[in-house]
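**Student:** Fold the following for me, if possible:
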Amino acid sequence: MEQNRRYIIILGLVLIVVIAFGFYIFMNRPRPQAVSIAENFEGGDFSLWLPDSDVPMDPNNPGQPVNWSITTTQEIVFEGSYAAQFFLDGSQDDGTIWLEQEVSLNPNTEYEAELSFQFWSASESFNQLAYVVSQVGPEDLEAEEDFADLGAANLVEGWREYNHTITFTTNGDGLAYAGFGVSVVWETEIVYFIDNVEITITPT
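**Tutor:** Numbering: from 1, shown residues only. Sure, this is the predicted structure:
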């Protein structure tokens, strides 16, 4: 009887130690860290940003897509010396172009992303010539429908800030994709500028 009591006491002490150790490991486990990205294009190039597009074919040049480009420029900037210039031949009333960056995060983790940037339009227009787009999430950005519409591109003449907040969960590889750009909805050529991009991705 005395021996059984001793075994029970030892087992209880072992269980307490195991629980305490597990609690210590849980409380001191590595926690996902917030990721911050700030881009002013001051290097005169895109560094980790990749220009990409989803544009129609050009009927005047069989087998070729319509003209588009995303370049750094000193022509019009919000702050500093450079900004990103977005040009798209929208004569086919279609097309989306963007800058995209791959971000390494923790796998299978929920995050909230806050994205903001300054956007320049040459004029204010009641006609929606194009709209501003962005996205942050676990899926690679490949097409117009992958983006969220942040509103018309011609809301004001000059610079205007656009913002986007997104909650998403990473896949097993922990990768996310952040992108922003412009999508044409009117049969016209468009030229816009983006500067002072800020992205914060925080575990929830």
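**Student:** Can you show me the strands along this protein?
**Tutor:** Here the chain has its strands, by DSSP state E, at 35-39, 50-54, 68-73, 83-89, 96-104, 110-121, 130-137, 148-152, 158-169, 175-184, 189-203.
**Student:** for this structure, which spans come out with low pLDDT?
**Tutor:** 1-32 (pLDDT under 70).
**Student:** Quickly list the domain ranges of it.
**Tutor:** If you go by automatic domain parsing, the domain ranges for the chain are 1-30, 32-203.
**Student:** can you put these in TSV and add mean neighbour count?
**Tutor:** Any C-beta I mention is one placed from the backbone N, CA and C, and that applies to glycine too. Shown next, in TSV, are the domains of the chain (neighbours: other Cβ atoms under 10 Å):
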stretch	mean neighbour count
domain 1-30	9
domain 32-203	17
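**Student:** and the closest residue to residue 128 other than its chain neighbours, what does it touch?
**Tutor:** Spatial nearest neighbour of residue 128, excluding adjacent residues (Cβ to Cβ, 6 or more residues apart in numbering): residue 152 at 4.8 Å. By Cβ atoms under 8 Å, 6 or more residues apart in numbering, the residues touching residue 152 are 125, 128-132.
**Student:** could those be laid out in a markdown table, adding distance to residue 96?
**Tutor:** As requested, these are exported to a markdown table (distance: Cβ to Cβ, whole Å):
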| residue | distance to residue 96 |
| --- | --- |
| 125 | 19 |
| 128 | 14 |
| 129 | 14 |
| 130 | 9 |
| 131 | 9 |
| 132 | 11 |
